[in-house]
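Asks: Got a sequence here, can you model it:
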Amino acid sequence: AEKKPGDWKFVNLLKSKENIRTYNCFQATTGLYVSNIQGLHIYRNDSLIALYQNAPVLRERITSIAEATDSTLILSTNGKGLVFYKNGTVINTLTRENGLPSNQCQGVFISNNLVWVATNKGMCRFKYIDNVISEVLVINRQNGLQSEDVRDLFYENGNVFAATSQGLFIMDESLFYQSA
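Replies: Reported below is the predicted structural model:
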């Protein structure tokens with residue numbers, strides 16, 4: 001039969017009797033990653049393979065996934081900050097204790113080794129190269145952000161686009177260097 005719009009089917013890859021809330025999916029160079037209420041999985045051979053058995057932090061709600069140039073996955077979480085995952089191992093974390101404005105991260109985006117993080121207490125930008133985090137900058141009301149509840153963000157051509165609870169803010173990145 002010919003397929004037409006609306007011919008969707010629900011596939012329960014975990015073979016459970018209940019639906020499993022899924023938060024996001026991300027195609028990386030190493031595979032398709034899926035985060036759900038149980039934690040982080042990789043999709044292989046029509047199955048979801050759990051990746052959180054040896055790393056409990058991967059059971060946290062993962063709100064967004066991005067991939068660095070060295071194939072490290074940077075996972076934003078709802079409560080544990082950022083988790084850096086590579087070759088089956090958590091290799092690093094970034095939390096409020098070492099630079100983030102909040103551990104409630106709502107989005108992550110990477111452009112030219114610069115990682116941009118959306119949190120409920122502002123944004124953060126830092127350089128990430130080969131598991132080295134440097135030049136951490138918190139962006140909040142003190143340096144011009146109108147709303148600190150940043151839901152998602154995007155960077156392009158020197159502009160940062162921040163989706164916030166009070167609307168879309170577009171900021172020239174060069175302004176951050178003046179207040180840093």
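
Asks: ok, so what distance separates the residue most central in space within the chain from F126?
Replies: Nearest to the mean C-alpha position of the chain, by C-alpha atoms, centre = their mean, lies S64 at 3.0 Å. For S64, the distance to F126 equals 16 Å [C-beta to C-beta, to the nearest Å]. Every residue, glycine included, has its C-beta placed from N, CA and C.

Asks: now swap in I20 and tell me
Replies: Distance of I20 to F126, given as C-beta to C-beta: 33 Å.

Asks: again with L58
Replies: Distance, L58 to F126, by C-beta to C-beta: 21 Å.

Asks: now the closest residue to R61 other than its chain neighbours, which residues is it bridged with?
Replies: Counting by C-beta to C-beta, 6 or more residues apart in numbering, N78 is the residue found nearest to R61 once chain neighbours are left out, at 4.2 Å. Counting by DSSP bridges, N78 forms beta bridges with Q104.

Asks: wait, N78 sits on R59?
Replies: No. At 11.7 Å, N78 does not count as touching R59 under the criterion of C-beta atoms under 8 Å.

Asks: roughly how far apart are I20 and L145?
Replies: Separation of I20 from L145 (C-beta to C-beta): 35 Å.

Asks: These two: which has the busier surroundings?
Replies: Neighbour count, other C-beta atoms under 10 Å: between I20 and L145, L145 has more, with 20 against 14.

Asks: ok, that one to S76 distance?
Replies: As judged by C-beta to C-beta, L145 and S76 stand 18 Å apart.

Asks: Now for the nearest residue in space to N159 that is not next to it in sequence: which residues touch it?
Replies: Nearest residue to N159, sequence neighbours excluded (C-beta to C-beta, 6+ apart): I170, at 5.6 Å. Neighbouring residues of I170 by C-beta atoms under 8 Å, 6 or more residues apart in numbering: 159-162.

Asks: Equivalent analysis for I129, please.
Replies: I129 neighbours (C-beta under 8 Å, 6+ apart): 69-70, 113.

Asks: run the last query once more with 10 Å
Replies: Counting by C-beta atoms under 10 Å, 6 or more residues apart in numbering, I129 makes contact with 68-70, 113.
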